[in-house]
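J.: this is a predicted model, with the sequence first.
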Amino acid sequence: MQRRSSKKTIAKGKKHLGVPVLNIIMAGIDYKTAKLEYREKFSFTKRKVREIIKDINKKCHLGVVLLCTCNRTELYISGSTDEKNIDPVKLLCEYAEADIDEYRQFFSLSKIEMQ
């Protein structure tokens, strides 16, 4: 009985037994979804990665991880992303100075809710 209850609680994104539910949303672009000419726009230097993480954390008060390798760029955001209406693809496009309408098609988007 408790197990069913916890699944419903997690699906709604509320607290279960006083434990908050952790929401993680990830947007990524990689060699499977985009050619190099599109991916290179999202290749950030270490310094730029630190600036982006600090900026998102300061503006949105969310946990942030930005992973950049030669084959992919992924932005992970944790916290109440629904309440703040956060779009990680839009954020990456803003920092890369890329047109979201042109680049959105190359991104994969995942959302995870964990207790």
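T.: Now that the structure is in, tell me what you want to look at.
J.: for the top helix by length along the chain, packing partners?
T.: Among the segments of the chain that qualify as a helix by DSSP state H, the longest is helix 46-60. Other elements packing on helix 46-60 under the criterion 3 or more Cβ pairs under 8 Å, 6 or more residues apart in numbering; DSSP states H and E are strand 63-68, helix 88-96. Quick note: C-beta positions are derived from backbone N, CA and C, even for glycine.
J.: and the next helix or strand past the shortest one?
T.: Per DSSP states H and E, strand 63-68 leads on to strand 72-78 as the next helix or strand towards the C-terminus.
J.: what sits up against that next one?
T.: 22-31, 39, 42-44, 56, 60, 62-67, 86, 88, 91-92 (Cβ atoms under 8 Å, 6 or more residues apart in numbering).
J.: need the buried ones from the residues you listed selected in ChimeraX.
T.: Buried subset of the contacts of strand 72-78, written as a ChimeraX selection, criterion 16 or more other Cβ atoms under 10 Å:
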select :23,24,25,26,27,28,29,30,39,42,44,56,60,62,64,66,86,88,91,92
